[in-house]
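>>> Got a predicted model here, sequence first, then my questions.
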Number of protein chains: 2
Amino acid sequence: MSYEAINLAGKFGLFTEQWQPKVVAEMNDYQFKLARLEGDFIWHDHKDTDETFIVIEGYLRIDFRDGAVRIGPGEMFVVPRGVEHKPFAEGEVKLMLIEPRGARNTGEEGGERTAANDVWI
Amino acid sequence: MSYEAINLAGKFGLFTEQWQPKVVAEMNDYQFKLARLEGDFIWHDHKDTDETFIVIEGYLRIDFRDGAVRIGPGEMFVVPRGVEHKPFAEGEVKLMLIEPRGARNTGEEGGERTAANDVWI
């Protein structure tokens, strides 16, 4: 049988929308999502789970109430559960998110920036 | 407060041993591990968990009893729980593994190729 790897650049070539994470793989009850982000997001947190960001291209800044982290290509950061954060990207950033299936991009906050969940590409 | 991203290339610069995964981050009860692999590994499976491979540099082949997958830079693959597999790399490959804390590199098989677990870098 022939098995095929998931090519991240190829998957990014299939969509251009920003702030709309797309699922590319699952591991147990976790999902791997690709997203394009640009500009400001809202403050939010995830009460029940940590959230992993791996930057593929561009630069992401995540603001916290007491500081910030800058994540560039080939870098990752895990935001602990319950920690308020606000992603920001001056130019477009391409990244991978890893979090439990069902985790919402706006966390506990909700609102109009909430993206459709479980959209596969 | 100043937060720092985890730079994968920088972490790879800290070790040269092959087949000895190093933990660089945790998300809930999962670990992100970096490893250098080259040559043949043993057939094994993980009864209780899927296992994620993301290739950073080089090429990894994973053989299954009924086929194989080739994973190159910027590509990923999730081996489902209970599926026997055997990693192989003709030249050195640098990759990230994601699996639950405590998962053993040799799975149910054990033996002399079993690496020390929970070694952080």
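Ah, there it is. Just so you know, these numbers come straight off a predicted model, no measurement behind them.
>>> Which strand or helix spans the residue nearest the centre of chain A?
When C-alpha atoms, centre = their mean is applied to chain A, the residue found nearest the centroid is residue A:97 (3.6 Å). Secondary-structure assignment from DSSP states H and E places residue A:97 in strand A:85-100.
>>> Residue A:1 contacts residue B:64, doesn't it?
Yes. Between residue A:1 and residue B:64 there is a contact at 7.3 Å, judged by C-beta atoms under 8 Å. C-beta coordinates here come from the backbone N, C-alpha and C atoms, glycine included.
>>> of those two, who's got more company?
Between residue A:1 and residue B:64, counting by other C-beta atoms under 10 Å in any protein chain shown, residue B:64 is the more crowded of the two (15 against 8).
>>> The closest residue to the more buried one other than its chain neighbours: how many residues sit nearby?
For residue B:64, ignoring the flanking residues on the chain, the nearest one in space by C-beta to C-beta, 6 or more residues apart in numbering or on different chains is residue B:85 at 5.6 Å. Residue B:85 has 21 neighbours, counted by other C-beta under 10 Å.
>>> Would you check that residue B:85 makes contact with residue B:66?
No. Contact between residue B:85 and residue B:66 fails when scored by C-beta under 8 Å: they sit 10.9 Å apart.
>>> Residue A:86 reaches residue A:40, doesn't it?
Yes. Residue A:86 is within contact range of residue A:40, at 7.3 Å (criterion: C-beta under 8 Å).
>>> who has more neighbours, those two?
Set side by side, residue A:86 and residue A:40 show more neighbours around residue A:86, with 15 against 12, by other C-beta under 10 Å.
>>> For the more buried one, which residues are in contact?
A:40, A:41, A:42, A:43, A:44, A:62, A:63 (C-beta atoms under 8 Å, 6 or more residues apart in numbering or on different chains).
>>> Then residue A:18?
So residue A:18 contacts A:35, A:36, A:37, A:38, A:39, A:92 (C-beta under 8 Å, 6+ apart).
>>> Find the nearest non-adjacent residue to it, please.
Nearest non-adjacent residue to residue A:18 (C-beta to C-beta, 6+ apart): residue A:36, at 4.7 Å.
>>> From chain B, how far off is that neighbour?
Distance, residue A:36 to chain B, by C-beta to the nearest C-beta, to the nearest Å: 16 Å.
>>> in what helix or strand does that residue lie?
Assigned by DSSP H and E, residue A:36 belongs to strand A:30-40.
>>> May I have the strands that pair with that strand, each with its orientation?
Using DSSP bridges, the strands paired with strand A:30-40 are strand A:22-27 (antiparallel), strand A:85-100 (antiparallel).
>>> Can you list the low-confidence ranges for chain A?
Scanning chain A for pLDDT under 70 picks out no residues.
>>> Could you tell me which residues of it lie near chain B?
For chain A, the residues found near chain B under the criterion C-beta under 8 Å from any C-beta of the partner chain are A:1-9, A:24-28, A:30, A:32, A:49-52, A:55-56, A:62, A:64, A:66-72, A:74-78, A:81, A:98-100.
>>> Counting neighbours, which of those end up buried?
With burial judged by 16 or more other C-beta atoms under 10 Å in any protein chain shown, the buried subset of the residues of chain A next to chain B is A:5-8, A:24-28, A:30, A:32, A:49-52, A:55-56, A:62, A:69, A:71, A:74-78, A:98-100.
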